[in-house]
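sequence first, predicted coordinates after that:
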Amino acid sequence: MMTNEQLQQFKSNYCEMIVDQMDMNDLIQMCHDLLMDAYKDCTEEDLKDEILDLYDDSVLNGIIGGNV
C-alpha cells in the first residue's frame, strides 16, 4: 500500500502522462470544460462580481456582448 505522499506522486505522474499526450486543442477543450464545471453554480451576479474584481467594466461588457 502507498503512503499518502507516494499516492500523490503517483497521481501527479499519471496526470503528467495524460497532459503530455494531449495536443493544444485537447488542452484548451479540457481547460474550458473544467472552467465551465467550476462556474456551473454561479449566479449572474456572482460571475459579474468576479469579472469586475479581476478585470474592469470594459471586459465585462465585452464578454456580455460576445466580444472576447
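Arrived safely, thanks for sending. Residues are numbered from 1 along each chain as shown.

please count neighbours and contacts with C-alpha atoms only from this point.
Noted.

so where's this structure shaky on pLDDT?
Along the chain, segments meeting pLDDT under 70 span 68.

what do you get if the cut-off is 80, keeping everything else the same?
Scanning the chain with the threshold set as pLDDT under 80 gives 67-68.

okay, and the residue positioned nearest the centre of it sits in which element?
Nearest to the mean C-alpha position of the chain, counting by CA atoms, centre = their mean, stands Leu35 at 3.5 Å. Using DSSP states H and E, Leu35 falls within helix 24-38.

show residues contacting that helix.
Helix 24-38 is contacted from outside by Val19, using CA atoms under 8 Å, 6 or more residues apart in numbering.

do that again at 10 Å, thanks
When contacts are defined by CA atoms under 10 Å, 6 or more residues apart in numbering, helix 24-38 is touched by residues 19-22, 39-40, 42.

show me which of those is closest to Asn4.
The shortest approach to Asn4 among those belongs to Val19, at 22.5 Å (CA to CA).

now the nearest residue to that closest one once chain neighbours are set aside: how far from Leu34?
Excluding its sequence neighbours, the residue lying closest to Val19 (CA to CA, 6 or more residues apart in numbering) is Leu27, at 7.5 Å. Computed as CA to CA, to the nearest Å, the Leu27 to Leu34 distance reads 11 Å.
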